[in-house]
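**Q** Sequence and predicted model, in that order:
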Amino acid sequence: MPDTALERPGSCRINLWDPKRITYPEHRFTLIYKLRENHSLSQGTIPSVHHQFKPGIIMKTTHIATIAAMVAFTVCESATASTATFIQRDTRTQGNWIRISSGAKIYGSDGYIMMGDEYMPISELPAYLTTLDMSTFGKYIWRYPGTGNPPCDLQLPFPPYTTRIASGWYYWPGIHTSNAIRVTFSDAQPHLMAIYCQDADSDVRGESIQILDATTEAQLDIQHLPPPFTDGVWLQWRVSGDLIIKVILTDAVNTAHMGFFFDADPGASYWNWLARFPFPEGANRMPTADADNDGLSNGDEFAFALNPASAGSCNPITGAFDSSSRKFSYRRPVGSGLDYVIATSENLVSWNIDAVATASQAIKEVIDGVQTVEVTVSAPAPGAHAQFARVEAR
């Protein structure tokens, strides 16, 4: 019979003295059963027990004559199934995860955890991350800050962002009890998770990063790092749910990883756009990175249908500004998920949204997933000596 104290849809409490058949075909769920009032058997108190069931399983409750107590269980809908899709292997960014000029993060915009110079983690973790447990791993510092740190050592997240360290966590079979890291996301949304690995003290270490569904222990992905990875490698996934990450030793005596970094997922449209272009091997595909070094980030180039793998592709304006008609045209990808706003200025310093021009943008053609959009800018204020316009992708 339903228990009104349980407000979540799909939850119910069943009296085992009253056998019933139940089925939850649409959701994975957890069975929790316990003795009320801590009734005991001769073996002692029975604790609460959790079992995971897959969609479609039918359970039949039965009378248990040996337990002289009221027994109940609760069926609770579980979170969305865990996922992990491999995104990229970046060998070019190395330890340069923060832009020195601005402090903007290439990795870890949502949050991060790395090892500081006192064997104390430095972290700023996102609210959607409820668990990141590396308690069974050892901690190491191989190169302290100011000891001739090469670019592959991680920047410390403090201005001026020029101090580096080679430190992190390691697993040594026979010394540490587990090579598993529990990572749990509280929402059902995908996020980007990157792990930075560097073999700071040799060129013979090898390891694999395996990601499992924490509930079913099914393998979702595995990436191998054969020796050497002395210069540092970023491995990044699009992830969600409840995960177990295993750092598996394949060569030498122990593993090494330097930190976890979390970012917002730009969405399928972004990744599908990038898949069109032949990125250089090991190039960073993150929206915050600039793979072709043309001064525009990969995210900027996606927003305006440019080629993020070519420095020659950096201008989305297809029709020059016509001062008599106040029209110009630009390119953008279909289904970008972004809003495109027109702004104008008289001095390139103060900008104002041109609401009329923004609302009246006209799509003139669509070719191979790219729109050409015509904009008509509103007339400048009386007495204005100049007028400039720009398109902002938000």
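**A** Sure thing, it's come through. For clarity, every value in this text was computed on a predicted model and none was experimentally measured.
**Q** Please look at A393 and D339 and confirm they touch.
**A** Yes. The pair A393 and D339 qualifies as a contact (Cβ atoms under 8 Å) at a distance of 7.4 Å. Yep, even glycine has a C-beta here, placed from its N, CA and C like the rest.
**Q** out of the two, which sits in the busier spot?
**A** A393 (16 against 9; other Cβ atoms under 10 Å).
**Q** State the distance from the residue nearest to that one when sequence neighbours are not counted to V391.
**A** Nearest non-adjacent residue to A393, counting by Cβ to Cβ, 6 or more residues apart in numbering: A303, 3.7 Å away. In this view, A303 and V391 are 9 Å apart by Cβ to Cβ, to the nearest Å.
**Q** Mind jotting down where the helices sit in this structure?
**A** In the chain, helices defined by DSSP state H lie at 268-274, 298-303, 355-359, listed in chain order.
**Q** deepest of these, which one?
**A** helix 298-303 (a mean of 23; mean count of other Cβ atoms under 10 Å).
**Q** so for it, what's the average pLDDT?
**A** Helix 298-303 shows a mean pLDDT of 96.
**Q** same deal with stretch 333-353?
**A** Rounded mean pLDDT across stretch 333-353 is 94.
**Q** Between its first and last residues, what's the separation in that stretch?
**A** Stretch 333-353 has an end-to-end distance of 22 Å (criterion: Cα to Cα, to the nearest Å).
**Q** Report the buried residues of it.
**A** Neighbour counts over stretch 333-353 (16 or more other Cβ atoms under 10 Å) mark P333, S336, L338, Y340, V341, I342, A343, T344, S345, E346 as buried.
**Q** what does stretch 146-160 give?
**A** Applying 16+ other Cβ under 10 Å to stretch 146-160 flags N149, C152, D153, L154, Q155, L156, P157 as buried.
**Q** Just give me the closest of those residues to K139.
**A** L154 (14.3 Å; Cβ to Cβ).
**Q** now the closest one: how far from Q94?
**A** The gap separating L154 from Q94 is 9 Å, by Cβ to Cβ.
**Q** can you check F185 too?
**A** Distance of F185 to Q94, given as Cβ to Cβ: 27 Å.
**Q** And these two? Which one has more around it.
**A** Relative neighbour count places F185 above the other of F185 and Q94, with 23 against 20, counting by other Cβ under 10 Å.
**Q** wait, that one sits on S240?
**A** Yes. Judged on Cβ under 8 Å, F185 makes contact with S240 at a distance of 5.7 Å.
**Q** Give the residues shared as contacts by the two.
**A** Residues touching both F185 and S240 (Cβ atoms under 8 Å, 6 or more residues apart in numbering): H191.
**Q** returning to that earlier point: isn't the residue nearest to A393 right up against L338?
**A** Yes. Applying Cβ under 8 Å, one finds A303 in contact with L338, separated by 5.6 Å.
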